[in-house]
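J.: Build the 3D model from these lines:
(one chain, ligands or ions: 1)
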Amino acid sequence: MGTTLDESEGTYEGRPAYHFDNRLGGPVLSHQERWDEMVGTHGGFRSTVARGFWVVTDGPAVQEALQDWRTFSSKSVTALEPDPKFLWIPEMLDPPTHSVWRRLLGRYFSPGTVAAREPEVRRTAAELINALKDRDGAEVLDEFARRFPTLIFMRMMGLPEDDLPTFLAWTRELLHLSHAEDPDGARQLTAMREVSAYFEEQIALRRRTPLDDLLSHAMTWTIDGEPINDRDMHAFCILMFQAGFDTVPISIGWALYHFATHPEQRAEILADPSLIPTGVEEILRVYSFVVPARKATQDVEIGGCPVRAGEMVMLPLAVTNRDPERYENPLEVDLHRKATNHIAFGSGPHRCLGSHLARLELNVAVEEWHRRIPDYRVAAGQELWQHGNMYGIKSLRLEW
Ligand code: HEM
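T.: Here you go, the predicted model:
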């Protein structure tokens, strides 16, 4: 069993979370640096941040816990908050109710449904990049990576495209403010109230006049024989907002960052774009940024950690995805790697519902970008910061 991470070490708000160490093939997470030391020697450690939680640092144990929903419940998925007052659907449901939602949602996110959207996805990416290519640089998260998936998602949910700027502003207020910008969380709370009110209005509109979109369709579903009430529709909208809005931009950010800092690999994908899908998978693997958490339903030992019923367990996907027992040169993005078993989209019943859409968007973003802006670099003085409970990239200024 591992060490105790004390309060000061465990708090990372406001500190740079990445080191630029090219020997390791990319940024190293400050927490991750500790995990890298521990992989192979320790199975986990206890953090004393907030009410305390366990952090599992053993690759197979992380995956095992994600698959064992009976012992590791999704009633809370936030390590800092074992008893949340909010509900996100389907992420915070356990089977069997969870399985009903997944079955109903599955068809909207299936490989076939997603593939049919490819022309629209490609056109949207191309339009946004065309608007940038004749300039000499841009903050690419704001001007491309965030707009692109948000637009696709809004169309899918049937939300008016004119609301894009409002959505981007909410995403910023909800997910990207530093402690200094919002010390008491008041701005975040205001944004959350506005998002809630917005979705309440959209739900009410569709109750009166159904449209041909995912939101309207979901209102006709029944769960355990009952129609979905407004509270659950709302919990579903809030989860979709969070799940779809930040993850793809972060991944596009890491992809552009990676190819900006690895010109030899950029030259390879320019010469042979068929290497892009493997490159995208490798970037998802090496720069894994989602850190799920679960609540133990009984006393259990996982990765050597003696977890008590009711305690929270953090399960960083990067631990499995960078496990040297699982991958040769685990920190290297290898454009020719054959293994395709990363868990950047999670594992078990909650594995990402949007993974096919996310993969399409990422591949299209990388392809269309390099077709138009093949030569670029990270602007001087750039600092990458993590935010929220994901190891995300918050801003990235590129020059070309
Ligand atoms: C590269 C982009 C993405 C990554 C890395 C990612 C990653 C993940 C991960 C790791 C989970 C599991 C969380 C857990 O176990 O607690 C998850 C769940 C989920 N994701 Fe994604 N995601 C991405 C994009 C998307 C997109 C584009 C959508 C939808 C438009 C989406 C919708 C969802 C939903 C609805 C869930 C909850 C599934 C459930 O609880 O059954 N994701 N995602």
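
J.: quick one, strands of the stretch 101-250 of the chain?
T.: Listed in chain order, the strands found in the stretch 101-250 of the chain under DSSP state E, counting those that start in this stretch are 137-139, 222-223, 226-227.

J.: so what strands line up beside the last one?
T.: In this case it means strand 226-227. Take DSSP bridges as the rule and strand 226-227 pairs in its sheet with strand 222-223 (antiparallel).

J.: so what's residue 137 bridging to?
T.: residue 399.

J.: Spit out the contact partners of residue 345.
T.: With contact taken as CB atoms under 8 Å, 6 or more residues apart in numbering, residue 345 is in contact with 284, 351-352, 355, 358. C-betas here are computed from N, CA, C, even on glycine.

J.: go on, residue 241?
T.: 195, 199.

J.: Next: residue 93.
T.: When the contact criterion is CB under 8 Å, 6+ apart, the partners of residue 93 are 74, 101.

J.: So for it, what's the pLDDT?
T.: In the predicted model, residue 93 carries a pLDDT score of 95.

J.: any chance you could read off phi and psi for it?
T.: As for residue 93, its main-chain torsions (degrees, to the nearest 10) stand at phi -110, psi 150.

J.: Make CSV from the strands of the stretch 101-250 of the chain and add mean neighbour count and mean pLDDT to it.
T.: Below are the strands of the stretch 101-250 of the chain laid out as CSV (neighbours: other CB atoms under 10 Å; pLDDT from 0 to 100):
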stretch, mean neighbour count, mean pLDDT
strand 137-139, 17, 96
strand 222-223, 12, 90
strand 226-227, 10, 90
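
J.: between these, which gets nearest to the ligand?
T.: Closest approach to the ligand among the strands of the stretch 101-250 of the chain is made by strand 222-223 (14.0 Å; CB to the nearest ligand atom).

J.: quick check, the closest one touching the ligand?
T.: No: judged by CB under 6 Å from any ligand atom, strand 222-223 stays clear of the ligand, getting no closer than 14.0 Å.

J.: show me what contacts the closest residue to the ligand within the stretch 251-400 of the chain?
T.: For the stretch 251-400 of the chain, the residue positioned closest to the ligand under CB to the nearest ligand atom is residue 354, at a distance of 2.1 Å. Shown here is residue 354, whose contacts under the criterion CB under 8 Å, 6+ apart are 109, 243-244, 247.

J.: contacts with the ligand among these, please.
T.: Among the contacts of residue 354, the ligand is touched by 243-244, 247 when using CB under 6 Å from any ligand atom.

J.: Residue ranges in the chain under the pLDDT threshold?
T.: In the prediction, the chain carries residues with pLDDT under 70 at positions 1-42, 383-392.

J.: Can you name the residues of it that neighbour the ligand?
T.: 66, 77, 90-91, 102, 153, 239, 243-244, 247-248, 251, 290, 292, 317, 344-346, 350, 352-354, 357-358.

J.: any idea how far the closest residue to the ligand within the stretch 51-200 of the chain is from residue 237?
T.: Each residue of the stretch 51-200 of the chain has a distance to the ligand, by CB to the nearest ligand atom, and the smallest belongs to residue 91, at 3.8 Å. Separation of residue 91 from residue 237 (CB to CB, to the nearest Å) stands at 13 Å.

J.: More neighbours: which of those two?
T.: For residue 91 and residue 237, the more surrounded residue by other CB atoms under 10 Å is residue 237, and the numbers stand at 24 against 20.

J.: longest helix in the protein, by residue count?
T.: Across the chain, the longest stretch assigned as helix under DSSP state H is helix 230-261.

J.: Residue 195: neighbour count?
T.: Residue 195 is surrounded by 21 other residues when neighbours are defined as other CB under 10 Å.

J.: what sits against it?
T.: Under the criterion of CB under 8 Å, 6+ apart, the contact partners of residue 195 comprise 170, 174, 238, 241.

J.: What's the end-to-end length of stretch 127-147?
T.: Start and end residues of stretch 127-147 are separated by 11 Å (CA to CA, to the nearest Å).

J.: Good, wrapping up.
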